[in-house]
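Peer 1: predicted coordinates and the sequence they were generated for:
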Amino acid sequence: MTAKAFQLKDKVALIAGENKFWTKPLAEALAKAGAHVGIAARDSARLTDAAQAAKNAGAKTLAIPTDVTQMPQVQR
């Protein structure tokens, strides 16, 4: 995929759940492609770190501490 084909200007990307290996680089890549990035995850430290990486790459970000395996938390 070329960088030109991966333009997300003014789109919203949501990362649900987190992984210590891919959440931060994914958030950063989405931001660099022009997306606004929302992240829902349990680990607040990794959540904050990934959101900051996206913000540093130019995205508007929203970090939501959430356990995506718990339906009441997902529905709020």
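Peer 2: On my side now, so go ahead. Numbering: from 1, shown residues only.

Peer 1: can you get me a residue count around residue 15?
Peer 2: If you count neighbours by other Cβ atoms under 10 Å, residue 15 ends up with 22. For the C-beta atoms, the positions are set from N, CA and C on the backbone; glycine is no exception.

Peer 1: now it, what's its secondary structure?
Peer 2: Residue 15 falls in the strand class when you classify it by DSSP: H, G, I helix; E, B strand; the rest coil.

Peer 1: then the one 5 residues further on?
Peer 2: Recorded secondary structure, residue 20: coil (three-state DSSP).

Peer 1: how about it, nearest residue that isn't a chain neighbour?
Peer 2: What sits nearest to residue 20 in space, not counting adjacent residues and going by Cβ to Cβ, 6 or more residues apart in numbering, is residue 46, at 6.3 Å.

Peer 1: pretty sure that neighbour contacts residue 25?
Peer 2: No - contact status for residue 46 versus residue 25: not in contact, 12.0 Å apart, counting by Cβ atoms under 8 Å.

Peer 1: can you name every helix or strand that the helix or strand that the residue nearest to residue 20 is a member of contacts?
Peer 2: Secondary-structure assignment from DSSP states H and E places residue 46 in helix 44-56. Contacting helix 44-56 under the criterion 3 or more Cβ pairs under 8 Å, 6 or more residues apart in numbering; DSSP states H and E are the following elements: helix 23-32, strand 36-41, strand 61-65.
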